[in-house]
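Visitor: okay, here's the prediction I keep looking at, along with the sequence it came from:
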Amino acid sequence: MTNIFNYIDRPSPIHRLTGATKLICLLLWSFAAMSTYDTRLLVLLVVLSLLLFRISKIRIADVRFMLGFTAVFMLLNNLLVFLFSPQHGVELYGTRHVLFSLGGNYVITKEQLFYHLNLFLKYLASIPVVLLFVCTTNPSEFAASLNRIGVKYSIAYSVALALRYIPDIQREYHEISQAQQARGIEMSKKESLFRRLKSASAILIPLILSSMDRIEVISNAMELRCFGKNKKRSWYMARPFTKWDWLAMSGSLLLLIAAFALNILNGSRFWSPFL
Amino acid sequence: MKRSPIVTVVAIGIGAALFFVLGRFVSIPSPVPNTNIALQYGLLAFMAALFGPVAGLLIGLIGHALIDFSYGWGVWWSWVIASGVFGCLVGLVSSKLKLADGEFEKKDILRFNLFQICGHIIAWGLIAPVLDIVMYAEPANKVFLQGLVGGVSNIVTTAIVGTLLCIAYAASRPRSGSLKEEK
Amino acid sequence: MAARFFGVIMSEAIIQFEHFGFQYRAQSEPTLYDINLSVRRGETVLIAGPSGCGKSTLAHCINGLIPFSYRGEMSGSLRIAGKETKEQSIFEISRHVGTVLQDPDGQFIGLTVAEDIAFALENDCVQEPELHARVLRAAKLVDVEDHLAHAPNEISGGQKQRVSLAGVLVDDVDVLLFDEPLANLDPATGKAAIELIEQMRQETGAAVIIIEHRLEDVLHRDVDRIVLMGAGRILADTTPDALLSGSWLRDSGIREPLYLTALRYAGVEIRADMAPRSIRTLRLSEDEKAQVRAWFSALPPAPERAARSPLLQADSLRFAYPGKDHDTLKGISLTVNEGELLAIVGRNGAGKSTFSKVVCGFETQQQGSLRFRGEDMADLSIKERADRIGYVMQNPNQMISKVMIFDEVALGLRTRGVAEDEVRRRVEETLKICGLWPFRSWPISALSFGQKKRVTIAAILVLEPDMIILDEPTAGQDYRHYTEIMEFLLTLRKRGITIAMITHDMHLMLEYAERALVFSRGRIIADTDCADVLTDRSIIEEANLKETSLYALASLCAIEDGRGFVRRFIDHERKELRP
């Protein structure tokens, strides 16, 4: 319960980068992976991200649980794209190479398969980086990092408060739901949707009303310790940038530039081998 | 009622934590991926109606982003933004309500639900699918159907859970009245 | 600031109230009237009074939450460090006054101990390396430097309080203000907290203001003055010795230390020159000691407990939370008898709450069995168990989900599909038993905390259980409300309901429970009379309890049978209170 975000404290060069660096790299990298459909760049991103994973000393076993979710999500999404739009690849690439037909509109084309390959590569290029960020960034450093990349410190602190109180609220939810179950409140599948929602409210109402009291206490505690006194604040968990931080950020920036450059050179986001 | 800015900061933090806990541990998955019978939107609508559009926006953004981070499947920005937009839109109703003073009458229920329905329609019928197409080049009919299913189930959830929360909160506020003991 | 270089300034008032009054904006009457009070650096002042007397409001005035967070109308003058508070900002006031709030989790804002201590410094933009150095210094002061990287749920309640204290000690404050520092702490930890507060006063030279209604526990260390409040006014502002020898406490419904109650029963007149402020300082003449001895021997011996038939039997219960490598319950065997009122005590994390969760079916034991009236409970669902054993949470706000009292009490029946006219009959009957009948059509929000507690108990009773388990039934309640809740529980017991209470309150246990189950590290280390528990050194130490001052009084008066003295006292007091 204490470690929902799966931070793994195992010294590595990636762990030593500041949270702010990793956040900036994550954003640049995700944006690069999101904007390009150039298979060559995607393959490069995949290779690099797997390499980084190696360096971080995070083991597959550490993230197996998260990978499970991701795999299911990825497969379902691919399946849905195909079911809804079997000719999406043809529309995107403007050519049509039929392989075989499943009947009706469901004609398998090289373009469609290529589109799915690219979708798949995009996941592979971006998911390891997100996992890396989550596993190697101390949650305590997260708020300081947000503030450093330009987010107002009050908003950054809201994020820190959310991380701080998630375990408390989770425990409280659990306790309230047990006590309400004893009184006969059920959310099981047997009940109709409407009754299930009403039951859920019987647990939510005490949880939310006591959270409102909590908001008052926390606000007072923060006020008494001078939150909001200055335009800026310092952070206990902030660390100075080193040359490795600058290196990581420049590297990520280069990848994003490469993605944009390829989009311009290719004339569109979609690089096609069919032309 | 004027509120200290610190209260809003804390409300955003606690709101996001509640959004996270409900979304991550309590929601009931529906057959369409990415869409849930999501109690957290009832909570978000209530918090936004109480604390305003800025709080609504940030609770939606932070809470949803944290859920995505915790699953590790990458942050699905289009849907994160849609959650924020929904919070912000419902938050616009806050200036028309007096929830903190314990008022939530029939016309307020209508108003609250009007805003939440519009909010969900714009967020899931427009923002999320359009961003999916722009950002991820997904097929249009798929994302609009996903948006429709998600939007409708969120409207129902919010109408029940959000309204009940508003009523319960308003009733919990102290009001000077003339209560008499009965024999 | 320069003024501090002159020794004389030390004795000047740091806080000065003059004809001060305050009325909250939302209220029709003032909460404080004509307050005159001054506090100097280096002084320790205890502010006591029943709930609603205005002591929290007074604290809010001192730390600046009034007028900056809670709006209202101020009259008269309040100067902190020589300056009117209404002319200062809350940030200026915070430089002088450091506040430790009651709720240990609410004020623990940081993700780790170090970040929480650093919070005020961060807001002051203190940079490295000063930031880390000052955090470490404050952490060492309160002895938490080994826990700097720990999250709040990895440390104990007492440690959380130390962290909060460190968080205000990072600045050189002139006043340390504690709002009910003993609530939520087990007795031994509470004792340690009072010792730490005194140590901080000596080391920093700050004025210490403690708001607390548990007088005897605070007076474990010397206090310069006690300010007694009632109905928004200061009733007394005097030395502890003077206050305890007067009748102020009884008149305002504050509990006096137990040894003084015993002396009064024995007919000894309490005078300031006896130094009654603590059992350690108390001086009795030989005549007075003889008076106590005579009273003791005249009392009839405490009656033996009546034999009762077993209701709930636990046999070698073993339980571990998933993911934890140690057992939280390491073989619990016990019997709860029919019609009993028993106390479950022990330090935090000893397994008391876990045990009740296993009994209610919220958690399932890995080994061992539970029997209710001889029937194995293994196959009973949470809901079915609730028909036999009801569980009342500490905070009533965590249980209430309806707007109206009637609906709240009816909830359990309606989910069980009971017909509506039957629901009405049973709810009405329960409301009458619980003294809630006059309020039956009120919204719950209009009730006091104690009344809400009754509503939650009523909502459990309506299911007609044979036994109820209450978690800290009187936490945070002043003496009057405490007595009200407990007397109510006694009326339930008279109706044949078995009651188990989990508590840190030793008075509560002594006064009301017939038997104590002492938990320590997942085991039961004592199952006996309450008087026996609180007079047994090894149990007291092992379970973080505190010896009762009655025992010390007995040895002061050369009564050998200290345990018998405690027992007879309790028995006598029960008769006094409930003839």
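Guide: That came in fine, so what should we check first? Numbers count the residues shown, from 1 in each chain, chains lettered A, B, ... in the order given.

Visitor: ok, and the closest non-adjacent residue to the residue nearest the centre of chain B?
Guide: Centrality entry for chain B: nearest residue to the mean C-alpha point is residue B:44, 2.7 Å, by CA atoms, centre = their mean. Leaving aside its chain neighbours, residue B:44 sits nearest to residue B:87 (5.1 Å; criterion: CB to CB, 6 or more residues apart in numbering or on different chains). (Each C-beta comes from the backbone N, C-alpha and C, glycine too.)

Visitor: check which helix or strand covers the one you found.
Guide: Here residue B:87 sits within helix B:77-91, counting by DSSP states H and E.

Visitor: pLDDT of that helix, averaged?
Guide: Across helix B:77-91, pLDDT averages out at 94.

Visitor: list the contacts for residue B:128?
Guide: B:78, B:79, B:81, B:82, B:143, B:146, B:147, B:150 (CB atoms under 8 Å, 6 or more residues apart in numbering or on different chains).

Visitor: neighbour-wise, give me the winner out of those residues.
Guide: Per-residue neighbour counts (other CB atoms under 10 Å in any protein chain shown) across the contacts of residue B:128 peak at residue B:82, which has 30 neighbours.

Visitor: and the gap between the nearest residue to that residue once chain neighbours are set aside and residue C:523?
Guide: Leaving aside its sequence neighbours, residue B:82 sits nearest to residue B:128 (CB to CB, 6+ apart; 3.8 Å). For residue B:128, the distance to residue C:523 equals 55 Å [CB to CB, to the nearest Å].

Visitor: and for residue 160, the neighbour number?
Guide: No chain in the question, so chain A it is. Counted with other CB under 10 Å, residues neighbouring residue A:160 total 25.

Visitor: the intended chain is chain C.
Guide: Other residues near residue C:160 come to 22 when the count uses other CB under 10 Å.

Visitor: what's near enough to touch it?
Guide: C:104, C:105, C:108, C:152.

Visitor: element containing it, please.
Guide: Element membership of residue C:160, judged by DSSP H and E, is helix C:157-169.

Visitor: ok, residue A:67 - contacts?
Guide: Residue A:67 makes contacts with A:60, A:131, B:72, as judged by CB under 8 Å, 6+ apart.

Visitor: hmm, back to that, next, the angle from the helix or strand that contains the residue nearest to the centre of chain B to helix B:77-91.
Guide: Using DSSP H and E, residue B:44 maps to helix B:40-51. Taking axes from the mean of the first three to the mean of the last three CA atoms, to 10 degrees, one finds helix B:40-51 and helix B:77-91 inclined to each other by 40 degrees.

Visitor: residue boundaries of the strands in the stretch 1-150 of chain A?
Guide: A:98-101, A:107-109 (DSSP state E, counting those that start in this stretch).

Visitor: just the stretch 1-150 of chain C next, same as before
Guide: Using DSSP E, counting those that start in this stretch, strands in the stretch 1-150 of chain C cover C:13-24, C:32-40, C:44-48, C:72-80, C:83-84, C:97-100.

Visitor: likewise for chain B?
Guide: For chain B, the strands defined by DSSP state E occupy B:28-29, B:36-37.

Visitor: residue in chain B nearest to chain A?
Guide: residue B:13 (2.7 Å; CB to the nearest CB).

Visitor: name the nearest residue to that residue, ignoring sequence neighbours.
Guide: residue A:161 (2.7 Å).

Visitor: ok, now residue C:501?
Guide: With sequence-adjacent residues excluded and distances taken as CB to CB, 6+ apart, residue C:501 is closest to residue C:470, at 4.8 Å.

Visitor: state which helix of the chain is the longest.
Guide: I'll assume chain A. helix A:193-224 (DSSP state H).

Visitor: actually it's chain C I care about, not the one you picked
Guide: The longest helix of chain C (DSSP H) is helix C:187-204.

Visitor: now do the helix or strand just after that helix: everything it contacts.
Guide: Per DSSP H and E, the first helix or strand lying C-terminal to helix C:187-204 is strand C:207-211. By CB under 8 Å, 6+ apart, the surrounding residues in contact with strand C:207-211 are C:14-15, C:39-48, C:55-56, C:58-59, C:62, C:174-181, C:197-198, C:200-201, C:218, C:223.

Visitor: can you rerun that using 6 Å?
Guide: Contact with strand C:207-211 is made by C:14, C:39, C:41, C:43-47, C:55, C:59, C:175-179, C:201, C:218, as judged by CB atoms under 6 Å, 6 or more residues apart in numbering or on different chains.

Visitor: again, but for stretch A:129-148
Guide: Applying CB under 6 Å, 6+ apart, the contact partners of stretch A:129-148 are A:5-8, A:14-15, A:19-20, A:22-23, A:26, A:29, A:49, A:56, A:58, A:63, A:153, A:156-157, A:159-160, A:163, A:235, A:237-238, B:69, B:72, B:74, C:111-112, C:115.

Visitor: near chain A, which residues of chain B show up?
Guide: Contacts of chain B with chain A, taken as CB under 6 Å from any CB of the partner chain, map to B:6-7, B:9-14, B:16-18, B:20-21, B:33, B:39, B:62, B:69-74, B:135, B:139, B:141-142, B:160-161, B:164-165, B:168, B:172.
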